[in-house]
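In: Quick one, what's the 3D model for this:
(one chain, ligands or ions: 1)
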Amino acid sequence: MQAIEIRPNIYWVGAIDWSMRSFHGYQTGRGTTYNAYLILDEKITLIDTVKEGFAPELLARIKSVIDPAKIDYIISSHVEPDHSGAIPFMMEHCPKAKVITSLPNGEKGLKAHYGDLPYQGVKAGNSLSIGQRTLQFVPTPMLHWPDSMVTYCPEEKILFSNDAFGEHLASSQRYDDEVDKSILFFECQKYYANILMLYGRQAQTALKALAGLDISLIATGHGIIWRSYIPEIMACYQKWSTNENEERTVIVFDSMWHSTEKMARAIAEGFAQKNIPVSFYDLKENHLSDIVTDILTAKYLAVGSPTINNQMLPTIAGFLCYLKGLAPKDKKALAFGSYGWGGQSIGQIEEELKNMGCEIILDKIRLLNVPTEEQLQAITTQIASSL
Ligand SMILES: Cc1cc2nc3c(=O)[nH]c(=O)nc-3n(C[C@H](O)[C@H](O)[C@H](O)COP(=O)(O)O)c2cc1C
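Out: Now for the predicted structure:
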């Protein structure tokens, strides 16, 4: 395991988690990386660690350039264990290291996880001279925990951004221009949608704080390092955090005996007749984390479920619960579904959509039992004429 030099005397020393497929329920189909960076200066500094089980990989990469006992500072940008999990292990190998963390939440969080360590708290505007280089600390609260911060090195024009601008993508390549660009930006959107969608206001604050910095490298906490597409990823964060929606619709449904599915197809046809692109997700076949990635930038959302035991299907309830937590903005929505007698599910879905701030553009579309061709045609016409 070798360190990879990204600038003279600055190394990527992280770990690649090729097999990771679920990150607290977020499906990470392409694995991930836990990025850590080692700066060799008068004071030797490690920026972040890795997930606990990957500590030997981190140590081996560090050992390929220096004796870890020489490390003076370990900067913890974020308490979450995928970045901080190897701190206790590293402290055994770095007896003189101080752990730099944000005040008050970083220190509180690290203590709760790892007990008393030699912490040194930092706040907005604080900086640390490590010799020829300076490290400036910029708090980014709720991107995506209260303790989160980024570190800027003006002499190198590097932003160590931790979770901001990152994505779950395991790769042997370290830079943005070395991987497939559309896969990279898809994974970034997926990361933003699943982790940051609800923190758009905080993302805006962070973007403003970073706007004045001269950045030539963004060294993220997950995935690749940005060097060629910095303006593009900044523009994406600007768009996503200001809820700029595209003229697109996402249809999400589940169905026991295909009636609600037929309704979903009729709704899709209505949008298609108006030349509005459709994404179509049967919840039996698709993962929540992919669906919300698509919803992030879609203007329209249609959600359907048959009624089962006076309720919507649990898959749809789970989807709505997940989506509500992510607090999507400025969506135009409708609820639909087939039923056998009471038909409560459709009203329940509409209520949930309203609760998450969606504008309901069409009253509940409910059909008793199996829809006829005429009823389906009527749904298509109703959708097309309402747009
Ligand atoms: C186990 C079960 C429970 C059901 N419970 C209800 C119910 O409480 N209220 C209702 O209106 N319909 C109920 N139905 C009827 C379905 O909603 C109806 O068959 C509907 O057309 C199914 O739509 P689908 O083909 O999209 O699954 C139930 C059906 C099943 C199989």
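In: how about the helices in this protein?
Out: 55-63, 81-84, 87-93, 105-114, 181-191, 200-211, 230-241, 259-273, 288-295, 314-326, 344-355, 373-386 (DSSP state H).
In: nearest to Leu159, of those?
Out: helix 200-211 (6.9 Å; CB to CB). For glycine as for every other residue, the C-beta is placed from the backbone atoms N, C-alpha and C.
In: Kindly present the helices of the chain as TSV, with separate columns for distance to Gln136, mean neighbour count and mean pLDDT.
Out: Formatted as TSV, the helices of the chain follow (distance: least, CB to CB, whole Å; neighbours: other CB atoms under 10 Å; pLDDT from 0 to 100):
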stretch	distance to Gln136	mean neighbour count	mean pLDDT
helix 55-63	24	19	98
helix 81-84	19	22	97
helix 87-93	22	18	98
helix 105-114	16	18	98
helix 181-191	25	19	98
helix 200-211	11	16	96
helix 230-241	18	17	98
helix 259-273	48	21	98
helix 288-295	33	21	98
helix 314-326	31	18	98
helix 344-355	41	20	98
helix 373-386	52	15	97
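In: With distance to Ile365 added, can I get those helices in TSV?
Out: Formatted as TSV, the helices of the chain follow (distance: least, CB to CB, whole Å):
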stretch	distance to Ile365
helix 55-63	53
helix 81-84	42
helix 87-93	53
helix 105-114	46
helix 181-191	29
helix 200-211	30
helix 230-241	30
helix 259-273	7
helix 288-295	19
helix 314-326	15
helix 344-355	7
helix 373-386	6
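In: quick one, which of the ones you listed is nearest to the ligand?
Out: helix 259-273 (3.2 Å; CB to the nearest ligand atom).
In: For the closest one, which helices and strands make contact with it?
Out: Where contact means 3 or more CB pairs under 8 Å, 6 or more residues apart in numbering; DSSP states H and E, helix 259-273 is packed against strand 246-253, strand 278-282, strand 298-304, strand 332-339, strand 365-368, helix 373-386.
In: Just put these in JSON lines and tack on distance to the ligand.
Out: What follows is these, written out as JSON lines (distance: least, CB to the nearest ligand atom, whole Å):
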{"stretch": "strand 246-253", "distance to the ligand": "8"}
{"stretch": "strand 278-282", "distance to the ligand": "11"}
{"stretch": "strand 298-304", "distance to the ligand": "8"}
{"stretch": "strand 332-339", "distance to the ligand": "4"}
{"stretch": "strand 365-368", "distance to the ligand": "8"}
{"stretch": "helix 373-386", "distance to the ligand": "12"}
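In: contacting residues around the residue of the stretch 51-200 of the chain found nearest the ligand?
Out: As assessed by CB to the nearest ligand atom, the ligand sits closest to Ala193 within the stretch 51-200 of the chain, at 27.2 Å. Contact partners of Ala193, counting by CB atoms under 8 Å, 6 or more residues apart in numbering, are Trp240, Ser289, Val292, Thr293, Ile295, Leu296, Leu326.
In: Next one, pLDDT for it please.
Out: Note on Ala193: pLDDT of 98.
In: can you check Lys157 too?
Out: Taking Lys157 on its own, its pLDDT is 98.
In: my guess is it meets Ala219, correct?
Out: No - counting by CB atoms under 8 Å, Lys157 sits too far from Ala219 to count as a contact (11.0 Å).
In: Tell me which of these two has more neighbours.
Out: Ala219 (30 against 13; other CB atoms under 10 Å).
In: In contact with the nearest residue to Phe186 once chain neighbours are set aside, which residues?
Out: Among residues not flanking Phe186 along the chain, Thr293 sits closest, at 7.5 Å (CB to CB, 6 or more residues apart in numbering). Counting by CB under 8 Å, 6+ apart, Thr293 touches Phe186, Gln189, Lys190, Ala193, Asn194.
In: Pretty sure the second one sits against Tyr237.
Out: No - using CB under 8 Å, Gln189 is not in contact with Tyr237, being 10.3 Å away.
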